[in-house]
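In: 3D model of this:
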Amino acid sequence: MSTDLKTILKNRIINKWSLFCLISIPMSTLMVIAMMGVDMSTAPGVSEMIGFSVRFAVPFIYLVVAISSIQILFPGHLSMWLMRNRKYIGLCFAVAMAWQGLFIFIMSYFFHDYYFEQVYLFRDELEGSIGYIFLPAMVVTSFHFGRKHLSSKQWKLLHKSGIYFLWAYPFSTYWWSLCNGLSCYGSPVPLDYVYYWGGFLAFALRIAAWGKQRWQATNRNAAENNMPLALRALGGVIIVSGLIWSASFYWQDRVTDFLTASAWSADLVLWLPFWPYEPYLSLFIIGLGTMLITKVRSADKSIWAVDS
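Out: Okay, the predicted model is just below:
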């Protein structure tokens, strides 16, 4: 069975550029078909296509974020196939985002008044613009002609920063959709839950892979492991608390008020993307718990150095 899977995953049709075409061409065809089903001469029709293109794009960036972690946690033929094709999966994300960029341009250029009255929000514009700066830079430097102009450190910095940012934007959007659904976005739909938990899982896998690497380092150095059992138990409790925190949104108002109580912090809400980072607090808590129950030598690498 394992040999059969390995053979299947090596098929040229589902690898590299063939895989890219297999995904991006049908996706673009569906975009055109969807455009024919809405009135593109109206702002609401264009707005619907913006949302439609986003729903295509999000799963690809979540998968790109998770792939290296999947290889660490579940090594095998499938994870090797994912790693081999991560670049092309990322390019599929870029295609979907290119469609979204086209629809945003149509909206802002041809329906200027509607855009600024019904759609435009400075903070969203800032976060989205940064994402669209990262994306073409990452696409160009995915190929040799672009990568040769960057050092290894510069390339890793660009792609790590870009991947995290491009994950953070849709994840925070769906988090807020669930958190403030009744007041800001209308009642959440099932897809909002799917995309929120999908983004959560993608990053949680990274934390788990990071923890696995640290745990393996601990086992290799059992004689040096002086971590008290009580501290590890505390780490486990913190992880569980983070999981509970991720499924509950009742704390948001109080935490936001606390984090933005200072004038300087309140001002940052407008200018600093995602501040004060409410959607990511549960993942931070889980990461803290993971750090407490594992131990790592100073020479060992964390998962943040494994990606890209």
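In: Please name the residues that touch Ala62.
Out: In this structure residue 62 is Tyr, not Ala. 167, 170, 198-199, 201-202 (C-beta atoms under 8 Å, 6 or more residues apart in numbering). Using the backbone N, CA and C atoms, a C-beta is placed for each residue, glycine as well.
In: if you skip the residues just before and after it, what's nearest to Phe110?
Out: Val46 (7.8 Å; C-beta to C-beta, 6 or more residues apart in numbering).
In: Which of the residues in the host helix or strand of the one you found are classified as buried?
Out: Here Val46 sits within helix 43-73, counting by DSSP states H and E. For helix 43-73, the neighbour count (16 or more other C-beta atoms under 10 Å) marks 43, 45-50, 52-54, 56-72 as buried.
In: any idea how far the helix or strand that contains Leu5 is from the chain center?
Out: Take DSSP H and E as the rule and Leu5 turns out to sit in helix 2-9. Computed by C-alpha atoms, centre = their mean, to the nearest Å, the chain-centroid distance of helix 2-9 equals 29 Å.
In: For Leu288, list the residues it contacts.
Out: With C-beta under 8 Å, 6+ apart, Leu288 has these contacts: 235, 238, 242.
In: okay if I get those residues as CSV plus neighbour count?
Out: Shown next, in CSV, are those (neighbours: other C-beta atoms under 10 Å):
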residue, neighbour count
Gly235, 20
Ile238, 20
Gly242, 21
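In: From those residues, pick the one nearest Asn180.
Out: Gly242 (21.0 Å; C-beta to C-beta).
In: Could you check the pLDDT of that closest one?
Out: On pLDDT, Gly242 comes in at 96.
In: tally of neighbours for Leu259?
Out: Leu259: 17 surrounding residues under other C-beta atoms under 10 Å.
In: now for the helix or strand where Trp197 lies, which elements pack on it?
Out: In this structure, Trp197 sits in helix 190-220 according to DSSP H and E. With contacts defined as 3 or more C-beta pairs under 8 Å, 6 or more residues apart in numbering; DSSP states H and E, helix 190-220 has these neighbours: helix 43-73, helix 152-179, helix 281-292.
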